[in-house]
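K.L.:
below are the sequence and a predicted model for it; my questions follow.
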Amino acid sequence: EWQLGSWLLCSGLSMARIESFLKLDLVGTHHIHASSCLIQLCLCAEMLPSGPLWKSLLIRPMVPTKHTIALYYRDPIDCIQALLSHPFFEHHILFVPQKVWSMASQLVRVYNE
């Protein structure tokens, strides 16, 4: 369901086209309920956290070229902030040191970054 909804929102189709797609009998039998589902899908997509914005920088090389070169990048600090504040990673990121042992008898301790 989520993959279909994500594809529909990113497809560039108008809301009228998406709604007509969702009203098809084939789609209706696969857990999607036309108009109300479309509205819920749009609301859920708007609530998702957005990622960092892309930036661009025009580069003028020392050697002449036919076209200017554009470098596209994202601010690394913004990327780290987005990752650390994303709800998906909330329970997977730890900042507290942990002791890890190679065996249950705790004879050899594992040191890692």
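P.N.:
On my side now, so go ahead.
K.L.:
quick one, helices of the protein?
P.N.:
Along the chain, counting by DSSP state H, helices occupy 2-10, 15-22, 25-28, 34-47, 76-85.
K.L.:
for stretch 76-89, what is the average pLDDT?
P.N.:
Model confidence over stretch 76-89, given as mean pLDDT, is 88.
K.L.:
now stretch 40-51
P.N.:
Looking at stretch 40-51 alone, the average pLDDT works out to 72.
K.L.:
do the same with stretch 16-34
P.N.:
On average, the pLDDT along stretch 16-34 is 66.
K.L.:
next, the contact list for Gly51, please.
P.N.:
Going by Cβ atoms under 8 Å, 6 or more residues apart in numbering, Gly51 touches Arg74, Cys79, Ala82. Every residue, glycine included, has its C-beta placed from N, CA and C.
K.L.:
and with 10 Å instead?
P.N.:
If you count contacts by Cβ atoms under 10 Å, 6 or more residues apart in numbering, Gly51 has them with Arg74, Asp78, Cys79, Ala82, Leu83, His86.
K.L.:
same thing with Thr68?
P.N.:
Counting by Cβ under 10 Å, 6+ apart, Thr68 touches Leu58, Ile59, Arg60, Pro61.
K.L.:
show me what Arg109 is bridged to.
P.N.:
Trp101 (DSSP bridges).
K.L.:
wouldn't it be in contact with Lys99 here?
P.N.:
Yes - taking contacts as Cβ atoms under 10 Å, Arg109 lies within contact range of Lys99: 6.5 Å.
K.L.:
what's the closest non-adjacent residue to Leu9?
P.N.:
Ala45 (5.3 Å; Cβ to Cβ, 6 or more residues apart in numbering).
K.L.:
for Ala16, see how far away the one you found is.
P.N.:
Distance of Ala45 to Ala16, computed by Cβ to Cβ, to the nearest Å: 17 Å.
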